[in-house]
Each structure stands twice: as C-alpha cells, then as structure tokens.
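A.B. asks: my questions are about this predicted structure, shown below with the sequence.
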Amino acid sequence: MADSRYHILLVTGDKTLGQSIKNNLENDDWAVELCLEQSELVHRINETKFACIIAHDSEKQARVRDVLTSINVGSPTPVIALIKSQDVKTAVDAMRLGAWTVVEFSEKDIADLSTEIQDTLPKGAVPPRGSDPRDIIVRSQHSPLNQLLDMLAPIAKAQAPVIITGESGTGKELFARTIHNMSDRKSGPFLAVNCGAIPETLLESELFGYMKGAFTGAHENRKGFFESAQNGTLFLDEIGEMPMRLQVKILRVLQEHIVRPVGSTTTTPVNFRLITATNRNLENEIKTGGFREDLFYRIAVLPLHLLPLRDRIPDIPVLADYFLHAQNRINGTSLKGITSECYTHLKNYTWPGNIRELENLLQRVCILKRSGFVERDDLPAQITGIGKRSQQLGLYVPSEGMDMADTLGRLEVQLVSQALKKSEGNKAKAARLLGLNRTTLVEKIKRLKLE
C-alpha cells in the first residue's frame with residue numbers, strides 16, 4: 001500500500017540527535033527522511049517533494065543556511081529552522097532567507113516538534129509526499145495515468161493554455177493546481193472559477209471586474225478574475241458552459257492580453273496562465289454551434305484527458321489507502337486498513353462518481369465505523385454486487401478503448417464472488433448458480449485467488 005503520511009525531511013549533522021528526532025516523529029505518524037550529508041541535500045530536495053523541511057543547526061555544520069540556500073526561491077515547502085538558544089544572528093539570517101518559523105531548540109524539546117509541524121502545515125490537510133494539500137494525484141504501478149503524469153513537468157514549464165477534459169470527479173482541478181505549483185508562476189495566485197456555477201448576468205463582471213456605478217449595486221471599483229490572477233494561473237472550470245456572448249470577449253483577452261472592466265472606457269494589461277476544463281466534448285459542441293471554434297483552438301494548445309476511475313483499476317487501492325489515512329486524521333478515527341475482499345469489490349465497481357465518490361465512501365466509513373478494518377459489510381450494496389451499476393461491469397466500452405481480457409477477468413471475479421456469497425461459501429451450490437461443474441469452479445477460485 002502507498003504511504004499517505006506527511007513526508008518530512010530532517011536535515012542535521014548530529015546523527016544521534018537526528019535519529020532521536022526521527023523516531024519521535026515517526027511515533028506520531030510522520031514519515032521522516034534523515035539527511036546527514038551536505039552532498040545529499042540538493043539531491044534529496046530536488047528528487048522528492050516534501051510537506052515540510054526541518055533544518056537543524058548542529059555543532060558540525062550550519063544546516064539552516066544550507067537548506068534555505070539550496071531550495072528554489074519562492075518554494076512553497078515550509079522550512080522550520082531549529083537553532084541554539086539566543087543565537088540571534090542565525091535566527092535573523094534564517095528569516096531573511098525565507099524560513100517559515102525559527103525555533104530555539106535543544107534535546108529536551110524533541111517532544112514538541114510534532115506540534116510545531118502541525119502548526120506549520122495547512123489545517124486539515126494530509127498531502128502525500130509533500131504535495132499540495134488538496135492534491136490527491138497518485139502514481140501507482142501499471143497505472144494508465146503514469147504517462148500523463150510524466151507530461152506534467154514540461155507542461156508546467158510552458159506558458160501555453162492547457163485544457164483538461166474528463167468526466168466529473170476525475171480530478172481536473174487537482175491537475176490544474178499541480179501544474180500551477182510546478183510552474184514558474186507558483187508564487188503567484190491560483191484562482192479557480194466554475195463557469196457553470198455563476199449566473200450569466202454576473203459572470204462577465206466577475207471575470208472582467210467593474211467600475212463604481214456600472215450597474216445597480218456596484219458601489220466601488222472591483223477587479224475581476226482576469227486581473228486578480230496577475231502573474232499567476234486562472235482556472236476556468238466547465239468552460240463548455242460559457243455563454244457564446246462571453247466567449248467572444250474571452251477570445252479577445254487571450255489574443256490581446258488586455259481587459260476592459262464593465263463600465264470602464266480604458267483597458268488594463270493582464271498576464272496570467274490559462275487552464276480550462278470541461279466534461280463536455282467541445283468538438284461536438286462546435287458542430288452544433290454551442291462553442292466557438294476559434295476559442296477552442298486558442299485554449300486547447302496543450303490538451304490533457306483524465307480517464308475515469310473505472311479505467312484506472314491499479315489506482316483504486318492506492319487512492320483508497322490515501323483517503324482512509326486522510327479521513328482517519330481529519331475525523332480522529334483509527335481504522336487500520338482495508339481487507340483484500342473489500343479491495344476486490346472496490347476494483348470491480350464502475351465508480352460513476354469517480355474519485356470524488358471513492359473519497360466520500362471512505363469518509364462515510366471512517367465516521368461510522370471509527371476503528372478496525374474496512375470490510376465487505378461496510379460497503380454499500382451497489383459496490384458489493386447487489387446494486388444495478390455493479391452488475392453492469394463489463395458492459396461499458398469507454399471512448400478511449402479498453403482492455404477486454406482484463407475487463408472480462410474482473411467480471412469473472414465479481415460473478416464468482418457473488419455466487420460464493422449467495423451460497424454462503426458452499427462451492428457445490430455456487431457452481432450450480434453459475435452453471436459450472438464443482439471442479440471447474442474450484443479451479444477458478446484457485447486461479448482467481450478467491451479462497
């Protein structure tokens with residue numbers, strides 16, 4: 001299973017003290033990597049994205065300065081500087097170089113470090129391996145998403161518009177945030193706007209801003225999202241819901257990099273990176289007159305398509321483990337894990353609500369069960385095989401294509417599992433339910449590892 005704990009980098013030249021700190025933090029459920037050598041520091045920071053870095057000024061080396069001068073300028077990773085008592089010079093240098101907080105530290109203060117870290121990180125956030133607190137993008141073995149994840153770094157470095165497509169709940173905003181956080185604009189704002197959630201009469205003023213007196217209720221000048229995203233990223237979700245009248249005006253903003261607030265006679269230059277998302281097929285919308293072709297080609301320079309969760313079976317255990325640990329921390333529960341039988345049901349389900357549905361399920365189970373393991377009986381009927389959607393597994397052919405052999409294999413696992421459940425483990429009865437000989441069913445059970 002994936003480790004979804006906070007990952008902390010502890011940098012110190014004192015091996016004994018460093019190991020004591022590491023052991024204490026790991027007892028409090030932090031995942032800690034210990035860095036003792038200066039030669040390893042840059043490699044560790046560049047290769048792994050940590051939630052937090054602890055830099056300890058040891059007698060041997062001034063680690064605080066090493067860390068703060070090694071990380072990228074404007075890095076979102078907070079650094080906690082541990083210094084000797086009354087070391088004013090180091091404290092001042094640390095703050096000047098960008099330390100999040102400076103703590104006068106001695107060995108007796110080890111037990112207080114967990115609280116210090118908790119106060120440093122965003123409240124309620126449980127990011128894996130130090131990613132953005134709301135980022136639940138995972139890389140799992142044989143995942144069809146891996147090729148897409150490999151594309152994120154070059155896409156983030158570019159300035160061209162990105163369009164993210166996929167069903168609702170597949171994580172489009174999370175990918176947009178990740179691109180922003182990996183880009184040169186990460187120190188600027190990330191603003192997300194749901195074009196379908198704002199009434200058409202208000203959407204123009206929200207995007208372009210307005211001048212005092214431009215309309216009833218405009219009591220002061222107000223910047224719109226285009227201006228507010230200056231030097232950052234603007235994420236327009238559900239761009240397919242954008243009214244045609246506004247599509248023309250947005251096209252001009254993208255072409256000329258200027259905006260004219262509602263009620264203004266002057267324009268303002270803007271500089272932002274645009275990322276859009278939709279669950280619609282915009283090429284079909286163009287054919288039916290619902291979306292402008294010229295705007296589509298302007299925003300679709302770098303397209304990313306997110307597969308639905310039903311087509312990302314290897315990701316399901318990783319995501320489920322992540323959500324379970326996250327909900328334990330948020331709700332103060334202590335569920336230990338998910339049984340293999342339960343994982344089988346999760347992988348056999350079609351997940352019409354995608355990642356969002358899986359997250360909601362684990363949240364509900366944590367709140368109601370509180371402790372122990374997540375078992376089959378903790379899952380709703382539609383996931384364990386009684387519901388209509390689960391029975392339809394294998395009858396859906398996605399537009400991206402499918403692995404038929406893999407799908408039929410999963411359907412076979414589901415049918416055999418249901419027959420064994422209905423027969424309460426009686427193999428002869430289960431074989432009759434499936435129209436098989438008992439010996440044939442026994443062989444299937446062994447091959448599918450369902451014993």
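C.D. replies: Cool, got the structure.

A.B. asks: shouldn't Glu241 be in contact with Pro199?
C.D. replies: No. Glu241 is beyond contact range of Pro199, at 11.1 Å (criterion: CB atoms under 8 Å). No exception for glycine: its C-beta is placed from N, CA and C like everyone else's.

A.B. asks: comparing those two, which residue is more hemmed in?
C.D. replies: Glu241 (19 against 7; other CB atoms under 10 Å).

A.B. asks: that one and Lys172, how far apart?
C.D. replies: 14 Å (CB to CB, to the nearest Å).

A.B. asks: repeat for Thr268
C.D. replies: For Thr268, the distance to Lys172 - CB to CB - is 29 Å.

A.B. asks: and if you look at Gly209?
C.D. replies: From Gly209 to Lys172 the distance is 26 Å (CB to CB).

A.B. asks: same check, this time on Gln147
C.D. replies: The gap separating Gln147 from Lys172 is 17 Å, by CB to CB.

A.B. asks: swap in Leu346?
C.D. replies: For Leu346, the distance to Lys172 - CB to CB - is 22 Å.

A.B. asks: over to Asp377?
C.D. replies: From Asp377 to Lys172 the distance is 34 Å (CB to CB).

A.B. asks: higher neighbour count, those two?
C.D. replies: The neighbour comparison of Asp377 against Lys172 (other CB under 10 Å) goes to Lys172, with 24 against 8.

A.B. asks: so where's the stretch 51-200 of the chain uncertain?
C.D. replies: Flagging of the stretch 51-200 of the chain using pLDDT under 70 yields the residue ranges 59-62, 71-76, 95-96, 119-142.

A.B. asks: just the strands from it, written as ranges.
C.D. replies: Along the stretch 51-200 of the chain, counting by DSSP state E, counting those that start in this stretch, strands occupy 52-56, 79-83, 101-104, 162-165, 190-194.

A.B. asks: now the ones you listed as TSV including mean neighbour count and distance to Thr276?
C.D. replies: Compiled in TSV, these are given as follows (neighbours: other CB atoms under 10 Å; distance: least, CB to CB, whole Å):
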stretch	mean neighbour count	distance to Thr276
strand 52-56	26	32
strand 79-83	25	34
strand 101-104	16	37
strand 162-165	22	5
strand 190-194	18	10
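
A.B. asks: and of the ones you listed, who's closest to Ser423?
C.D. replies: For those, the distance to Ser423 is smallest for strand 162-165, at 43.9 Å, taking CB to CB.

A.B. asks: what's the offset of that closest one from the middle of its chain?
C.D. replies: 16 Å (CA atoms, centre = their mean, to the nearest Å).

A.B. asks: and what of stretch 167-178?
C.D. replies: 8 Å.

A.B. asks: now that stretch - C-alpha only, PDB.
C.D. replies: Output of stretch 167-178 as PDB, limited to C-alpha atoms (Å, rounded to 0.1, in the frame of the first residue of the first chain):
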ATOM      1  CA  GLU A 167     -15.800  13.100 -16.500                       C
ATOM      2  CA  SER A 168     -17.000  14.900 -13.400                       C
ATOM      3  CA  GLY A 169     -15.000  13.800 -10.300                       C
ATOM      4  CA  THR A 170     -11.800  12.700 -12.100                       C
ATOM      5  CA  GLY A 171      -9.600  15.400 -10.500                       C
ATOM      6  CA  LYS A 172      -9.400  18.100 -13.200                       C
ATOM      7  CA  GLU A 173      -8.900  21.000 -10.700                       C
ATOM      8  CA  LEU A 174      -6.300  18.900  -8.800                       C
ATOM      9  CA  PHE A 175      -4.300  18.500 -12.000                       C
ATOM     10  CA  ALA A 176      -4.700  22.300 -12.700                       C
ATOM     11  CA  ARG A 177      -3.300  23.100  -9.200                       C
ATOM     12  CA  THR A 178      -0.500  20.700  -9.700                       C
END
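
A.B. asks: my understanding was that Glu227 contacts Gly209; is that so?
C.D. replies: Yes. Glu227 is within contact range of Gly209, at 5.8 Å (criterion: CB under 8 Å).

A.B. asks: between those two, which has more neighbouring residues?
C.D. replies: Neighbours around Glu227 and Gly209, counted as other CB under 10 Å, are more numerous at Gly209. The numbers are 23 against 18.

A.B. asks: mind listing what that one touches?
C.D. replies: Asn221, Arg222, Lys223, Gly224, Phe226, Glu227, Val259, Pro261, Val262 (CB atoms under 8 Å, 6 or more residues apart in numbering).

A.B. asks: the stretch 201-350 of the chain: helices as residue ranges?
C.D. replies: Assigned by DSSP state H, counting those that start in this stretch, the stretch 201-350 of the chain shows helices spanning 225-228, 244-256, 282-287, 293-299, 315-331, 340-348.

A.B. asks: of all those, which one is nearest Phe235?
C.D. replies: Across the helices of the stretch 201-350 of the chain, closest to Phe235 is helix 225-228 (CB to CB), at 9.6 Å.

A.B. asks: so which elements touch that closest one?
C.D. replies: Under the contact criterion of 3 or more CB pairs under 8 Å, 6 or more residues apart in numbering; DSSP states H and E, helix 225-228 touches strand 190-194, helix 200-208.

A.B. asks: next one: the helix or strand hosting Gln363 to chain centre, how far?
C.D. replies: Assigned by DSSP states H and E, Gln363 belongs to helix 354-369. Its chain's C-alpha centre and that of helix 354-369 lie 16 Å apart, by CA atoms, centre = their mean.

A.B. asks: just the residues contacting it, thanks.
C.D. replies: When contacts are defined by CB under 8 Å, 6+ apart, helix 354-369 is touched by residues 136, 167-171, 308-309, 316, 319-320, 323-324, 327-328, 331, 333, 335, 346, 351, 353, 374, 378-380, 383.

A.B. asks: narrow those residues to those that are buried.
C.D. replies: 136, 167, 169-171, 308-309, 316, 319-320, 323-324, 327-328, 333, 335, 346, 351, 353, 374, 378-379, 383 (16 or more other CB atoms under 10 Å).
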